[in-house]
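> What follows is a predicted structure for the sequence shown.
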Amino acid sequence: MHRTLGRTNKQALGITEHIMHKMIFTVKNDLRGLRDKALVLLAYDSLCRRSELTSLRVNEIKYSHDGLPTHIKLCKSKTDQECLGKYIRLTTKTQIAVKEWINVAKIKEGFLFRGICNSGGLNERMSPGQINRIYKRLAKASCMPEELIKKY
C-alpha cells in the first residue's frame, strides 16, 4: 500500500548546539540529571541513533592515562551491518559528563545508559523509546515552544 499510495517521511527535528546547551542547563545534579547530560552530549558528539546509544557498553570505552573516556566504540549500526565498528572521539565536556555518570551510578560493566527506577535503582538497560521522553522532558523544562517539542 505504501508503494502505491506513498507516505510522508517523519524525520525528527535535529537538536542544534544552542538547543543542546539549553537542555543541559535544565538538568539537576542528581543521578537522573547526570545520565541525561551524558546522554545528550554523547548523542550530539556521535550523531548516534537511539538504538545505537542504548546498545553502548561500558567495556567499549577507551580511557586516557588520566581516566577520562576519550573514545567510545560503536560496534554495530544501521550503516555497519558487518559489525566492524568504529571509534568515536568525545569532546572534553562529554568525557567529563560520561565519567561523572559512570562514577555516580557505580557502573562497572554492561550497558552504559540505563533506566532509573523511582526508588533510585538502575535497570539493566535503557529502551530506545526512553530517549525520546528524555529529550522532550528536557526541552519542556527549557521552556521551548510546544510545537517544537513535538518534533524532537
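Received it, and whenever you're ready, just let me know what you need.

> and residue 37, what does it touch?
24, 27, 97, 100, 101 (Cβ atoms under 8 Å, 6 or more residues apart in numbering). In short, each C-beta sits where N, CA and C put it, glycine included.

> and if we set it to 6 Å?
For residue 37, the contacting residues are 24, 27, 97, by Cβ atoms under 6 Å, 6 or more residues apart in numbering.

> Going toward the C-terminus from the helix or strand of the chain with the lowest mean pLDDT, what's the next helix or strand?
Least confident helix or strand of the chain, by mean pLDDT, DSSP states H and E, is helix 2-5 with a mean of 68. On the C-terminal side of helix 2-5, the nearest following helix or strand under DSSP states H and E is helix 17-25.

> all helices for this structure, in order.
Secondary structure of the chain (DSSP state H): helices at 2-5, 17-25, 31-46, 50-54, 92-105, 128-141, 146-149.

> Just the pLDDT for the spatially most central residue of the chain.
The centroid of the chain falls nearest to residue 39 when counting by Cα atoms, centre = their mean (3.0 Å). Looking at residue 39, its pLDDT reads 96.

> For residue 19, see how far away it is.
Per Cβ to Cβ, to the nearest Å, residue 39 is found 15 Å from residue 19.

> Parallel or antiparallel, which strands does the strand ranked longest in the chain pair with?
Ranked by residue count and defined by DSSP state E, the top strand of the chain is strand 69-74. When pairing is defined by DSSP bridges, strand 69-74 lines up against strand 61-63 (antiparallel), strand 86-89 (antiparallel).
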